[in-house]
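In: Take this sequence and fold it.
(2 chains)
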Amino acid sequence: MKIKYDLIKKEKNTNARCGIIHTNYGSYETPMFMPVGTQATVKTLSKEELKDLNSAIILSNTYHLWLRPGVDVINKCGGLHSFMNFDGPILTDSGGFQVFSLAKNKKKDITEEGVHFKSHIDGTPLFLTPELSIEIQNKLDSDIAMSFDECIPYPADYEYAKNSTLRTLRWAKRGKDVFNNERQSLFGIVQGGEYEDLRRLSAIETVKMDFDGYAIGGTSVGEDKTTMYKMIDYVMPHLPENKPRYLMGVGDPIDIIEGVIRGIDMFDCVLPTRIARHGNAFTNKGKINIKNAKYKYDFTPILDNCDCYTCKNYTKAYIRHLIVANEALGQRLLSIHNVRFLIRLTEDLRECIKNNTLLEYKENFIKNYRGENESSN
RNA sequence: GCGGAUAUGGUGAAGGGGUUAACACGGUGGAUUGUGGUUCCAUUAUGCUAGGGUUCGAAUCCCUAUAUCCGCC
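Out: This next block holds a predicted model:
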């Protein structure tokens, strides 16, 4: 079935809203955070661990799975859910962002037809088009597919941004025309760079194509926070109330709060799992680096009263040792904590929306989160 | 006891008279936003076993001492 969005409650003091997304695998409240599992795995986490985190939708990636293990492998297995043995909803990214992120400093050729670029694994020349991206996602059989877009770099001049934005709209249409999977939903992606009129145009024209949900892309690509929040503000008034709104690639706790205040329902980000692998953990008082010498003899949990498995069982000194010794368990324990931290943040935000206390919560959260960093460094 | 070789940071080491002692590991910080699993950046020896000498200038040449290693009594 196509996903469906029901609005539960709008917050009084902001544009924030709480809703329910109905999927093939159950119904989940928004705002929600989606952990990223690019290569058909949320790195280091098992499906049981994901369930314990109260994780809803997870993200996977068209480009990566296309290259490895190959679409035919997953298709022959009966789709991505069966291949991963994951019985929850999966969203697949289109591959558009990988052209930006993996081929950032390499030769790539963006044409009207599609994008020529080289495999990050072995350098094989590749050609990805809107049609091919959708065809692959149809075969992967994820629950939500994303339109193939171009993520505009920042900064980009107006002419570039305009041409790119218009081309992304044409790509969205081409993708939608070949889309062919009854149980799968398709989201459109709003681009437009940093320019208000282009963002507005992109939103209005994308919505006209009638997708099952709408994403804001092209944020968190190096722009400052103010610019990023503006990019969201430009777009939100033009998105329909009865469809989910997804801010792509954003996972900094404060950015999530700012996004929710502006009416975003869904977030995804590699941040919690990536920084975990490099020894960082979210706390209410800011991000900490567990490798710091000051934690060598710290036999307390990362975060007091945290409800995650890691904090209930292990100390900072032990996790520090694991990370310093490059042990896989360390990466896993921090991933568990960090993902749970963001999911719990969205759970708190939902409560705030229901109680109309979002602004108060934000003020408190930011005061705590930023305060510690200044005094301890 | 005699002869020979070698002494450079926490570690392995480069440099064989010319301004701030290479590089690697380790240590210490930082970064990370539609993934970059082992990544990236910064920083880390005011000093070359000790003492003396030659020289405008010594980690580099000379002398003595000490330590380690290898031979021979």
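In: rest of the way, CA atoms for contacts and neighbours
Out: Fine.
In: what about the closest residue to A:F117 other than its chain neighbours, how many residues close to it?
Out: Leaving aside its chain neighbours, A:F117 sits nearest to A:K108 (4.6 Å; criterion: Cα to Cα, 6 or more residues apart in numbering). Per other Cα atoms under 10 Å, the neighbour tally for A:K108 reads 17.
In: who's in contact with A:K108?
Out: A:V99, A:V115, A:H116, A:F117, A:K118 (Cα atoms under 8 Å, 6 or more residues apart in numbering).
In: Mind putting those residues into CSV with pLDDT?
Out: Formatted as CSV, the contacts of A:K108 follow (pLDDT from 0 to 100):
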residue, pLDDT
A:V99, 81
A:V115, 93
A:H116, 91
A:F117, 88
A:K118, 88
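In: Which members of those occur in helices, if any?
Out: Residues of the contacts of A:K108 located in helices (DSSP state H): A:V99.
In: By neighbour count, which of the contacts of A:K108 wins?
Out: Compared across those, A:V99 has the highest neighbour count, 23 neighbours, by other Cα under 10 Å.
In: which residue lies farthest from the center of chain A?
Out: A:Y297 (35.2 Å; Cα atoms, centre = their mean).
In: List the beta-bridge partners for the residue most central in space within chain A.
Out: Chain A has A:D268 as the residue nearest its centroid, 1.6 Å off, counting by Cα atoms, centre = their mean. Listed by DSSP bridges, the beta-bridge partners for A:D268 are A:M34.
In: My read is that A:I353 contacts A:E11, right?
Out: Yes. A:I353 is within contact range of A:E11, at 4.9 Å (criterion: Cα atoms under 8 Å).
In: Between those two, which has more neighbouring residues?
Out: Counting neighbours by other Cα under 10 Å for A:I353 and for A:E11 shows that A:I353 has the greater number, 25 against 20.
In: secondary structure element for the more buried one?
Out: Taking DSSP states H and E as the definition, one finds A:I353 inside helix A:328-355.
In: is any part of that helix close to RNA strand B?
Out: Yes. Using Cα under 7 Å from any atom of the strand, helix A:328-355 reaches RNA strand B at A:A328.
In: if I look at A:I353 and A:E11, which residues touch both of them?
Out: Residues touching both A:I353 and A:E11 by Cα under 8 Å, 6+ apart: A:R17.
In: Look up how far A:V190 lies from the nearest residue to A:T23 once chain neighbours are set aside.
Out: Ranked by Cα to Cα, 6+ apart and with sequence neighbours excluded, the top spatial neighbour of A:T23 is A:I3, at 4.9 Å. Computed with Cα to Cα, to the nearest Å, the distance linking A:I3 and A:V190 is 19 Å.
In: likewise A:H22?
Out: Between A:H22 and A:V190 the distance is 23 Å, computed by Cα to Cα.
In: Get me the contact residues on the stretch 51-200 of chain A for RNA strand B.
Out: Residues of the stretch 51-200 of chain A lying close to RNA strand B by Cα under 7 Å from any atom of the strand are A:60-61, A:93-98, A:101-102, A:146-152, A:189.
In: Quick one: buried ones out of the residues you listed?
Out: For those, a burial check counting by 16 or more other Cα atoms under 10 Å picks out A:60-61, A:93-98, A:146-152, A:189.
In: contacting residues around the residue lying closest to A:K296 once chain neighbours are set aside?
Out: In this structure, A:K296 finds its nearest non-sequential neighbour in A:A317, 5.1 Å apart by Cα to Cα, 6+ apart. Going by Cα under 8 Å, 6+ apart, A:A317 touches A:Y295, A:K296, A:Y297, A:D298, A:F299, A:T300.
In: Recalculate using a threshold of 7 Å.
Out: Contact analysis of A:A317 by Cα atoms under 7 Å, 6 or more residues apart in numbering lists A:Y295, A:K296, A:Y297, A:D298, A:F299.
In: What count of nearby residues applies to A:D177?
Out: 11.
In: any idea which element A:S55 lies in?
Out: Applying DSSP H and E, one finds A:S55 in no helix or strand.
In: what does A:D255 give?
Out: Element membership for A:D255 (DSSP H and E) is helix A:253-261.
In: Show me what that helix packs onto, helices and strands only.
Out: Helix A:253-261 is packed against no helix or strand, with contacts defined by 3 or more Cα pairs under 7 Å, 6 or more residues apart in numbering; DSSP states H and E.
In: can you list the residues that contact it?
Out: Helix A:253-261 is contacted by residues A:T14, A:N15, A:A16, A:P31, A:V250, A:L342, A:K362 when judged by Cα under 7 Å, 6+ apart.
In: Including pLDDT and secondary structure, could those residues go into JSON lines?
Out: Putting the contacts of helix A:253-261 into JSON lines (pLDDT from 0 to 100; DSSP: H, G, I helix; E, B strand; the rest coil) gives the following:
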{"residue": "A:T14", "pLDDT": "97", "secondary structure": "coil"}
{"residue": "A:N15", "pLDDT": "98", "secondary structure": "coil"}
{"residue": "A:A16", "pLDDT": "98", "secondary structure": "coil"}
{"residue": "A:P31", "pLDDT": "98", "secondary structure": "coil"}
{"residue": "A:V250", "pLDDT": "96", "secondary structure": "coil"}
{"residue": "A:L342", "pLDDT": "98", "secondary structure": "helix"}
{"residue": "A:K362", "pLDDT": "98", "secondary structure": "helix"}
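In: Nearest to RNA strand B among those residues?
Out: Of all those, A:V250 has the smallest distance to RNA strand B: 3.3 Å, by Cα to the nearest atom of the strand.
In: Hmm, that closest one is touching A:V270, no?
Out: No. If you go by Cα atoms under 7 Å, A:V250 and A:V270 don't touch, sitting 8.5 Å apart.
In: got a list of contacts for stretch A:144-161?
Out: For stretch A:144-161, contacts defined as Cα under 7 Å, 6+ apart pick out A:90-97, A:100, A:130, A:133, A:137, A:164, A:168, A:171-172, A:175, A:184-189, A:192-193, A:217-218, A:221-223.
In: Nice, that's everything, thank you.
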